[in-house]
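Peer 1: no sequence on this one, just coordinates:
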């Protein structure tokens, strides 16, 4: 995603380290090295904190996947934007000793056609080396 577009879409001072988007910007993948060390248990703790901080979201499932000895803790939810509803999958993984957070998002109405592909991309977080 071009930096000037990222500034508008992610208007807070803290933007993801890596942002990948579709040409129409309706589908996004983000990856962020949280800059803290942790372990697999911490992924569950961070997940709980994120969920508790966002009570207006409608949460669906919570899962753990193991890819190349990396536990990826993920959950999906529906959020609400200015003009439409979004489907999101947020995930936390401990790669080495670093905690990495990622988010997949698309229009809620398109979630069925994107969910499987998103889960395949999320599995690759075990290879993430960080954007810092």
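Peer 2: Good, I have the coordinates. This structure is a prediction, so every number in the text was calculated from the model and none was measured.

Peer 1: ok, now how distant is the residue lying closest to residue 60 once chain neighbours are set aside from residue 68?
Peer 2: Ranked by C-beta to C-beta, 6 or more residues apart in numbering and with sequence neighbours excluded, the top spatial neighbour of residue 60 is residue 76, at 4.8 Å. Heads up, the C-betas are built off the backbone N, CA and C, glycines and all. For residue 76, the distance to residue 68 equals 22 Å [C-beta to C-beta, to the nearest Å].

Peer 1: how far does the helix or strand encompassing residue 72 sit from its chain's centre?
Peer 2: Per DSSP states H and E: residue 72 is located in strand 70-80. Relative to its parent chain, strand 70-80 has a centroid offset of 7 Å by C-alpha atoms, centre = their mean, to the nearest Å.

Peer 1: buried ones in the following helix or strand past it?
Peer 2: Later in the chain than strand 70-80, the nearest helix or strand by DSSP H and E is strand 85-95. The neighbour-count check on strand 85-95 (16 or more other C-beta atoms under 10 Å) flags 86, 87, 88, 89, 90, 91, 92, 93, 94, 95 as buried.
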